[in-house]
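Visitor: Provided below for reference: sequence and predicted model.
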Amino acid sequence: MGVLLITLLLSTACGGDTEPTPTPKPTTNMRIINYSHYPTSDIEKWVDLAESKMKSRESRIFAFIYPVGKLKEPEKRIRSDYADRVFREHHVLLSKDKIEFILNEIDLWFEGDLCLTSRRKKQALSDYKIWLEKGADASTQHSVCERTRVVMMAVPERMRDHEPLENFQTFLVHEFYHAFQQDLEMEGECLSKREKAGENSNSVWMYEGGAHYFATWVVAEIYGETNYRSEILRIASDRYSSEGNSIILNEPDKWGAAALSLMIEQGMVNEESILDGSLFHNCARELEFDYNSPDIKHIKNTWHLIERNGDIYQFKSEALRKASKS
């Protein structure tokens, strides 16, 4: 899966001064800078596994993974121009030299894409600089251009010290799935339909849900588990129980994955298209699935109707009825 990795392994405490050592591989369509305590060889392995599932990949991907310290108190939020993103500010663990190295490498990476205007390039670099210098808990994929993607992953203290490895793996695969998606830069009819739909658009919950669905599946495969669909429904059910309808805005990936599961059950979408990324090749979420159709309304109204049967989570019969009968 050709990955050009710039290996930046630090000590577990992320306090080492190890200089970056380039490790070239056959192709140069991906670059990862890793300042986390997770071994770069493992990150490469998990990303390669995720990429191997794709029907095709057209993107050039630059990723940087970095540690952040404790959350600033009182909690501070960082607002940037990129998609009006807001991140929480943490204590910075990276040195100025390491931050400058990351920014310089991104700048060089951008030179490989002629679609980038100087203004867009400058704005992107400004955002990344702010996030790194303020210890932002970034967890995002930025479609800088149609095929140039930047993955930013901050690893907070709680994930490093208190959460199982599966949480980081799911985080990693989720963000790279976004980088593999081919239709995030919308234009033409795709864009006009999303704008017409407004807050009812299918885009966010479907591409976030697709990433969560895929990541849960891949991580389950890593550990030899088979009930990934039940796990998707368990998480969605637990979140809905604790958050209620606020999950719609706060965690579109969790409820979106459950909604996609229900669409599979209803025969509206082929699971393979989610797992190989092809669902996100031609803006099917807007062009094929009408946000105003009875079928989609049924999915959005019933995705949370989940019950536990022994160790398995499944949809209630009311959710599984066809829209015309609901």
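Guide: Right, received. Where do you want to start? Residues are numbered from 1 along each chain as shown.
Visitor: by mean pLDDT, point me to the weakest helix or strand of this protein.
Guide: strand 21-23 (a mean of 38; mean pLDDT, DSSP states H and E).
Visitor: show me what counts as buried in whatever helix or strand comes next after that one.
Guide: Helices and strands here follow DSSP states H and E; after strand 21-23, the next one along the chain is strand 30-34. By 16 or more other Cβ atoms under 10 Å, the buried positions in strand 30-34 come out as 30-34. Placement of C-beta: from N, CA and C, glycine included.
Visitor: can I get these in a markdown table with distance to residue 224?
Guide: Below are the buried residues of strand 30-34 laid out as a markdown table (distance: Cβ to Cβ, whole Å):
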| residue | distance to residue 224 |
| --- | --- |
| 30 | 27 |
| 31 | 31 |
| 32 | 26 |
| 33 | 31 |
| 34 | 26 |
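Visitor: ok, so of those, who is nearest residue 259?
Guide: residue 30 (30.2 Å; Cβ to Cβ).
Visitor: touching, the closest one and residue 48? I think so.
Guide: No: Residue 30 lies out of contact with residue 48 (Cβ atoms under 8 Å); the separation is 9.6 Å.
Visitor: picking up where we left off before, include pLDDT when you put the buried residues of strand 30-34 into JSON lines, please.
Guide: Listed next are the buried residues of strand 30-34 as JSON lines, based on pLDDT from 0 to 100:
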{"residue": "30", "pLDDT": "95"}
{"residue": "31", "pLDDT": "95"}
{"residue": "32", "pLDDT": "97"}
{"residue": "33", "pLDDT": "98"}
{"residue": "34", "pLDDT": "98"}
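Visitor: and which of those residues is nearest residue 284?
Guide: residue 30 (25.5 Å).
Visitor: quickly list what the closest one is bridged to.
Guide: residue 61 (DSSP bridges).
Visitor: ok, now how distant is it from residue 116?
Guide: From residue 30 across to residue 116, the span is 17 Å (Cβ to Cβ, to the nearest Å).
Visitor: residue ranges with poor pLDDT in the stretch 201-326 of the chain?
Guide: 323-326 (pLDDT under 70).
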